[in-house]
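*Asks:* One predicted model, sequence on top.
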Amino acid sequence: MRTEIWHITSEGGGFHFGRHGLGQEESAITMPSDSLFAALINRLALRAGNAVEAFVAPFLDGEPPFALSSTFPFAGAVRFYPVPLAAVFATGGETDAKNYKRVQYVSERLFLQLLDGKSFKEVYARAKGLSGGKALLEKDEVEGLPLAVKNGESPLWSLETRPRVTLGRIVQNSSIYFTARVSYARDCGLWFGVAWRSQDPARRAQVKSLWADLGDSGLGAERSVGFGVCQFKQEAEIDLPDAAGRPWINLSRYLPRPDESSALTWEKAAYKLVNVGGWVDTPARGGQRRRAVNLLEEGAMLGSLARPIPGALVDVRPVYPGDPDPLKHPVYRSGLALAVGWKGDLK
């Protein structure tokens, strides 16, 4: 499966990636695929609202032109991937199980080894850890890291809380609150993959233009105070194992279609669910919450499916008693999966 690799970098600004059910003092480390897709649609709507319907039509019709991964960290020449959950779950009875569960990301080389069926215990034993053991890479990959990260002078990413002040309009009192910011070391940042099925050059050019626009406008929340300004740059194209006719690992959040339930009921399936809600970013009507939806997290291992891009695009616009369509337009959330084939021995 041919996949475009895009890098997202920010010089000093950092990001705030909101987490459903938590306050502003919390931020995720990365941006999931459903939020990235929503941000792409938002830029298109602001640029030319009448173009959204045509853009999303093939996604709704079950023929998506591309699959989008979530964002994951990179450091210099090393890209990190989510840990396949099946590999971690298999170490549940091991002495070091607590350390194994701490790992969130593995380098591309380790990820491909796990896809080939190597045990997580074996991979962990000869790997080097970064960011408190949350990211693993092979020891000879250390040379590909930025110097400050390699020497331990700078973490791959860092989280901080910044004080903010709000002023009361009536009694003119002030209140302090805190906003979290995630930032990446120099020559580090986020990457994501785009696996194209469409060969339409006009659509590809449109998406490329939207990435540039999104970088200028900002990614994530708290953009009004300088967070999120970044640069999108296509770095490479790589081949990832095709998922056709075999079990697969998900590199994005995934919402199964009704006829894809067999992927979850497969006896060796391993996955976690996340409830995704939040606020709608639209000029139509401010202060509206979108409907929540349950998605499978990245790293899920699932049974084989016929579709090259499993999953669905759903409308999560708010619906109220007496006002079933307050926004007068859909709010799309992507549960389409970028699926990578599992090649290991499952016996």
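*Replies:* Cool, got the structure. Residues are numbered from 1 along each chain as shown.

*Asks:* now the helices for the stretch 101-250 of the chain?
*Replies:* 108-115, 120-125, 147-150, 201-217 (DSSP state H, counting those that start in this stretch).

*Asks:* closest to D140 out of the ones you listed?
*Replies:* Of all these, it is helix 108-115 that lies closest to D140, at 9.1 Å by Cβ to Cβ. For every residue, glycine as well, the C-beta is placed using N, CA and C.

*Asks:* And the contacts of that closest one?
*Replies:* 78-81, 83-84, 87, 106, 120, 123, 127, 136-138, 141, 241, 249, 340-344 (Cβ atoms under 8 Å, 6 or more residues apart in numbering).

*Asks:* quick one: contacts of stretch 198-218?
*Replies:* By Cβ under 8 Å, 6+ apart, stretch 198-218 touches 6, 8, 39-40, 43-44, 47, 55, 58, 65-66, 194, 196, 223, 227-232, 234.

*Asks:* where does the protein have its least confident helix or strand?
*Replies:* Within the chain, no helix or strand scores below strand 157-167, which has a mean of 75 by mean pLDDT, DSSP states H and E.

*Asks:* Give the other helices and strands that it contacts.
*Replies:* Applying 3 or more Cβ pairs under 8 Å, 6 or more residues apart in numbering; DSSP states H and E, we find strand 157-167 packed against strand 174-184.

*Asks:* and the strand it packs on with strand 157-167, angle?
*Replies:* Relative orientation of strand 174-184 and strand 157-167, computed by axes from the mean of the first three to the mean of the last three Cα atoms, to 10 degrees: 160 degrees.

*Asks:* I'd like to know which elements strand 174-184 is packed against.
*Replies:* For strand 174-184, the packing partners by 3+ Cβ pairs under 8 Å, 6+ apart are strand 157-167.

*Asks:* and the strand it packs on, which strands flank it?
*Replies:* strand 174-184 (antiparallel) (DSSP bridges).

*Asks:* rewinding a little: looking at the helices of the stretch 101-250 of the chain, which is closest to V274?
*Replies:* helix 108-115 (20.7 Å).

*Asks:* how far out from the middle of the chain is that closest one?
*Replies:* Between the mean C-alpha location of helix 108-115 and the chain-wide mean there is a distance of 19 Å, by Cα atoms, centre = their mean, to the nearest Å.

*Asks:* C188: neighbour count?
*Replies:* The number of residues packed near C188 is 22, by other Cβ atoms under 10 Å.

*Asks:* whoops, I mixed them up, E153
*Replies:* 10.

*Asks:* before we move on, what about A77?
*Replies:* For A77, the tally of surrounding residues (other Cβ under 10 Å) stands at 13.

*Asks:* can you pull the contacts of T91?
*Replies:* 97, 100, 119-121.

*Asks:* I8 bridge partners, please.
*Replies:* Taking DSSP bridges, one obtains L190, F232 as the residues bridged to I8.

*Asks:* Any figure for the gap between it and V142?
*Replies:* Distance, I8 to V142, using Cβ to Cβ, to the nearest Å: 23 Å.

*Asks:* higher neighbour count, these two?
*Replies:* Counted by other Cβ under 10 Å, I8 and V142 do not tie: I8 has more neighbours, with 23 against 15.

*Asks:* per-residue confidence at that one?
*Replies:* At I8, the model reports a pLDDT of 94.

*Asks:* Filter the contacts of stretch 198-218 down to the buried ones, ChimeraX style.
*Replies:* Here is the ChimeraX command that picks out the buried ones among the contacts of stretch 198-218, judged by 16 or more other Cβ atoms under 10 Å:
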select :6,8,39,40,43,44,55,58,65,66,194,196,223,227,228,229,230,232
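
*Asks:* backbone phi and psi for the nearest residue to R257 once chain neighbours are set aside, please?
*Replies:* Leaving aside its sequence neighbours, R257 sits nearest to A312 (Cβ to Cβ, 6 or more residues apart in numbering; 5.0 Å). Dihedral pair for A312: phi -140, psi 160, per degrees, to the nearest 10.
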